[in-house]
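K.L.:
no sequence on hand, only this structure:
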């Protein structure tokens, strides 16, 4: 075997060893913290729905931005995003809340809009960006409650 083959096989063995170690580390982290993430997410969802039932979309955004300032840990990012999305689902529409919100289908425009809105809120970073991407999804969702919508008329009696 030539020295080129030996070097190539040594490099391949090193890469395989690194992949195995990395996979083992991922399994360890997810087995240890996966349940904690799930419990935090469930708690944040419940809290967001409860807050949203008595709030407007603007209130949810204000609370989401306040929570985003706490810290940039993965747990907080997930918690804030789940809280905010759940809050928006339950909240009362705020007139003008979705005015000028680009569709998330246009990623570059949505990203630029989110960055601008974060700067206006004196915030930056992944948590703030994620909140405004949730706003974009919410505003272009068919499940969003209509602003000032009238309740549906009662069903007509069958003859």
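P.N.:
Happy to help now that I have it. What you are looking at is a predicted structure, and each value in this text was computed from that prediction instead of being measured. Numbering: from 1, shown residues only.
K.L.:
pLDDT weak spots in the protein?
P.N.:
1, 17, 23-34, 72, 146-159 (pLDDT under 70).
K.L.:
can you give me the helices in it?
P.N.:
Applying DSSP state H to the chain gives helices spanning 3-53, 57-68, 74-90, 107-120, 126-139.
K.L.:
what is the fourth one packed up against?
P.N.:
Same thing as helix 107-120. The helices and strands touching helix 107-120, judged by 3 or more CB pairs under 8 Å, 6 or more residues apart in numbering; DSSP states H and E, are helix 126-139. In this view, the C-beta of every residue, glycine as well, is placed from N, C-alpha and C.
K.L.:
what residues of the helix it packs on count as buried?
P.N.:
Using 16 or more other CB atoms under 10 Å as the test for burial, helix 126-139 gives 127-139.
K.L.:
got it, and stretch 50-61?
P.N.:
For stretch 50-61, the neighbour count (16+ other CB under 10 Å) marks 51, 52, 55, 56, 57, 59, 60, 61 as buried.
K.L.:
residue contacts, the residue nearest to the spatial centre of the chain?
P.N.:
By CA atoms, centre = their mean, the mean C-alpha position of the chain lies nearest to residue 81, the distance being 4.0 Å. Contact analysis of residue 81 by CB atoms under 8 Å, 6 or more residues apart in numbering lists 127, 130, 131, 134.
K.L.:
if you set the cut-off to 6 Å instead, what comes out?
P.N.:
Counting by CB atoms under 6 Å, 6 or more residues apart in numbering, residue 81 touches residue 130.
K.L.:
do the same with residue 58
P.N.:
With contacts defined as CB under 6 Å, 6+ apart, the neighbours of residue 58 are residue 94.
K.L.:
repeat for residue 110
P.N.:
For residue 110, the contacting residues are 102, 104, 136, by CB under 6 Å, 6+ apart.
K.L.:
leaving aside the residues adjacent along the chain, what's closest to residue 75?
P.N.:
Closest residue to residue 75 apart from its sequence neighbours, by CB to CB, 6 or more residues apart in numbering: residue 40 at 5.9 Å.
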